[in-house]
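J.: Predicted model follows, preceded by the sequence.
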Amino acid sequence: MAEIAIVPDAEAAGELAAEQIARLVARRPDAVLGLATGSTPLTTWTALARRSLDLSAARGFALDEYVGLPAGHPESYRAVITREVVEPLGLTPSHVHVPGDDGGELAGAGERYEAAIAAAGGVDLQILGIGRTGHIGFNEPGSSLASRTRIKTLTEATRADNARFFDSPDQVPRHCLTQGLGTILDARQLVLLAFGEAKAGAIAGAVEGPVSASSPGSAIQLHPKVLVIVDEAAASRLQHADYYRFAWDNRLPFEV
């Protein structure tokens, strides 16, 4: 089962996630990181930046990218990753990729992205958030547990959640390129973060619900090395929260 860390707030979660990345990079300076966007991982990037690590040799692959935004749009995930991750952390820009950024045709972008990840040796540590619909990446309910990087249509709930980043809801794209659930599960370690009451249902489904395409986040139950970091509000619907706290407080030195 996943390791569950219930922490006081998003800042504490960011410190814990940053520690996972720092340990990895200390062992392997050219580690391959799976990069999530949105507000959830921001405290992780901030905490990591404070450590002043040399990340110039690290490689990165974004989880997803919108389809249809013009080049250079400030809310494209290429722009977001550059602004929030690459520049603050000192990553080498050419080492960081987003789906569809290779200049090829959209129709084959998923297959080419899969090939690029494989050529890099696979993702060592994947940072994840989770949406209200239970999606990880942009794998909306109904996504195959074996799915690979591909084009997906976003739900109206996801578009509404992301509208805060745009001038109007109508500007939010309806399609995206996203790593599949199968692609995500290929990473050697997963670190999933969630904060707030609005994410409590999705977290309960991901951690304790049945593994189902209707709850895409539940795919993490199929992975052998997962750390879920949540605040008290996001943990509020977990039935076994007391056990998770006990297990985390009594973990062995070599665990997590």
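T.: Perfect, I can see it now.
J.: OK, contacts around the most centrally placed residue in the chain?
T.: When C-alpha atoms, centre = their mean is applied to the chain, the residue found nearest the centroid is L128 (2.1 Å). Contacts for L128 were tallied using C-beta atoms under 8 Å, 6 or more residues apart in numbering; they are 34, 36, 63, 136-137, 184, 190-193, 220. No exception for glycine: its C-beta is placed from N, CA and C like everyone else's.
J.: Nearest to I21 among the residues you listed?
T.: Nearest to I21 among the contacts of L128: V191, at 8.2 Å, using C-beta to C-beta.
J.: in terms of contact, does A79 touch P70 like I think?
T.: No. In this structure, A79 is not within contact of P70 by C-beta atoms under 8 Å, at 10.8 Å.
J.: tell me the contacts of G180?
T.: Counting by C-beta under 8 Å, 6+ apart, G180 has contacts 137, 139, 143-144, 146-150.
J.: Likewise for R150?
T.: By C-beta under 8 Å, 6+ apart, the contact set of R150 is 110, 177-178, 180.
J.: from those residues, which two are the most distant?
T.: It's L177 and G180 that sit farthest apart of the contacts of R150, by C-beta to C-beta, at 10.4 Å.
J.: shared neighbours of the two, which are they?
T.: With C-beta under 8 Å, 6+ apart, L177 and G180 have common neighbours 149-150.
J.: For the lowest-mean-pLDDT helix or strand in the chain, output the C-alpha coordinates as PDB.
T.: None of the helices or strands of the chain scores lower by mean pLDDT, DSSP states H and E than helix 156-162, at a mean of 90. The C-alpha coordinates for helix 156-162 follow below in PDB (Å, rounded to 0.1, in the frame of the first residue of the first chain):
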ATOM      1  CA  GLU A 156     -16.300  20.600 -17.800                       C
ATOM      2  CA  ALA A 157     -15.400  20.200 -14.100                       C
ATOM      3  CA  THR A 158     -11.700  20.200 -14.900                       C
ATOM      4  CA  ARG A 159     -12.100  23.200 -17.300                       C
ATOM      5  CA  ALA A 160     -14.000  25.100 -14.600                       C
ATOM      6  CA  ASP A 161     -11.200  24.300 -12.000                       C
ATOM      7  CA  ASN A 162      -8.600  25.600 -14.400                       C
END
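J.: What residues sit buried inside it?
T.: For helix 156-162, the buried set under the neighbour-count rule, 16 or more other C-beta atoms under 10 Å, comprises 158-159, 161-162.
J.: Now the element after it, going C-ward?
T.: Downstream of helix 156-162, the next assigned helix or strand under DSSP states H and E is strand 175-178.
J.: other SSEs contacting that next one?
T.: Secondary-structure packing of strand 175-178 (3 or more C-beta pairs under 8 Å, 6 or more residues apart in numbering; DSSP states H and E): strand 64-67, helix 109-119, strand 150-153.
J.: In that strand, which residues are buried?
T.: Residues of strand 175-178 classed as buried: 176-178 (neighbour count, 16+ other C-beta under 10 Å).
J.: can you list those residues in CSV and add distance to E19 and pLDDT?
T.: Output for those, formatted as CSV (distance: C-beta to C-beta, whole Å; pLDDT from 0 to 100):
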residue, distance to E19, pLDDT
C176, 30, 95
L177, 30, 97
T178, 27, 97
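J.: G131 versus S215, what's the distance?
T.: S215 is 11 Å from G131, where distance means C-beta to C-beta, to the nearest Å.
J.: er, A57 I mean
T.: According to C-beta to C-beta, A57 and G131 sit 32 Å apart.
J.: Give me the distance between stretch 207-221 and the centre of its chain.
T.: Distance of stretch 207-221 from its chain centroid, counting by C-alpha atoms, centre = their mean, to the nearest Å, is 15 Å.
J.: Confirm L193 sits in a helix?
T.: No. Assigned with DSSP: H, G, I helix; E, B strand; the rest coil, L193 falls outside any helix and is strand.
J.: can you pull the contacts of the nearest residue to G180 once chain neighbours are set aside?
T.: Nearest residue to G180, sequence neighbours excluded (C-beta to C-beta, 6 or more residues apart in numbering): S147, at 3.2 Å. S147 is in contact with 139, 180-183, counting by C-beta under 8 Å, 6+ apart.
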